[in-house]
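Q: the sequence and its predicted three-dimensional model are supplied below.
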Amino acid sequence: MMWFDTHCHLFDERFQEDLDAVVARARAAGVRHFVVPGVDVQTSEAAIALAERFEGVYAAVGVHPESLADYRPRMLEEIRRLAAHPKVVAIGEIGLDYYWDVAPREVQREVFVAQLDLARETGLPVVVHNRDATEDVVRLIETEAQGVTGVMHCFTGDLDTAMRCIRCGFFISYGGPLTFKNAEAVREAAARIPAEALVVETDSPYLSPHPLRGKRNEPERVRIVGERLAEIRGLTAQEMADLTTRNALRLFTRVRV
Ligand code: NI
């Protein structure tokens, strides 16, 4: 069985002690590919360093809306430079966060659009973060992301929102929240999304799936998410692993098989 964890922050300090063991456990569970998205310039560099160190690990580079407290346009020049690395497969994670509101919403939108432009220019897909900003995120994808594909990371929205993104060429990524006890609405949407748009992730070290909710998450558990999604869709785990890996390879076209 071959899984693809499309979103794991392996540079997080919680992996400092035992990253080799974490990666080994994931590989033993069949996780063959990992995309590590940075959240600012420093962590984007750290993601690239991990991609250089581990086979099957790839980086995404970008400035996350929670990293905009001291935003300078020069940061995007750094991201542009990092994007040229051969193991960088996406611009991310980028998007809008109206929950934490670390920076004015206008600044968030401006930096999001600038990174959509950067994705178009570099030919890379985007990894999109959305918290409490669905209407603006989807509107900007519909109006400002022509020629850009990407993935809605850790999707918990409804079917209508998913379909608007899919019509723009975007993929829908499910993570731990799909498995949470109170997530019936998330599972209802997940049951109906077109199969060719589905990918899976862990968002490690965050959002560990049920019954390990609250613990440090790690890529090995993408299998738990995938098995739950398989159950919801009436597929075997093997079929879901094949489907989501195939989709992720269509999304991240720079990943070498
Ligand atoms: Ni993330």
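A: Nice, I can see it. Numbers count the residues shown, from 1 in each chain.
Q: which SSE is immediately downstream of the longest strand anywhere in the chain?
A: For the chain, the longest strand by residue count, based on DSSP state E, is strand 88-97. Downstream of strand 88-97, the next assigned helix or strand under DSSP states H and E is helix 105-122.
Q: so for that following helix, mean pLDDT?
A: Mean pLDDT, helix 105-122: 98.
Q: list the buried residues of it.
A: Within helix 105-122, the residues scored as buried using 16 or more other C-beta atoms under 10 Å are Gln108, Arg109, Val111, Phe112, Ala114, Gln115, Leu116, Leu118, Ala119, Arg120, Thr122. Every C-beta, even on glycine, is put in place using the N, C-alpha and C of the backbone.
Q: ranges for the strands of the protein?
A: Using DSSP E, strands in the chain cover 3-5, 31-37, 57-61, 88-97, 126-131, 150-152, 170-174, 198-200.
Q: output these as JSON lines; include the columns distance to Ala248, mean pLDDT and mean neighbour count.
A: JSON lines is the format used below for the strands of the chain (distance: least, C-beta to C-beta, whole Å; pLDDT from 0 to 100; neighbours: other C-beta atoms under 10 Å):
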{"stretch": "strand 3-5", "distance to Ala248": "4", "mean pLDDT": "98", "mean neighbour count": "29"}
{"stretch": "strand 31-37", "distance to Ala248": "7", "mean pLDDT": "98", "mean neighbour count": "26"}
{"stretch": "strand 57-61", "distance to Ala248": "10", "mean pLDDT": "98", "mean neighbour count": "29"}
{"stretch": "strand 88-97", "distance to Ala248": "10", "mean pLDDT": "98", "mean neighbour count": "28"}
{"stretch": "strand 126-131", "distance to Ala248": "12", "mean pLDDT": "98", "mean neighbour count": "26"}
{"stretch": "strand 150-152", "distance to Ala248": "9", "mean pLDDT": "98", "mean neighbour count": "28"}
{"stretch": "strand 170-174", "distance to Ala248": "8", "mean pLDDT": "98", "mean neighbour count": "27"}
{"stretch": "strand 198-200", "distance to Ala248": "5", "mean pLDDT": "98", "mean neighbour count": "28"}
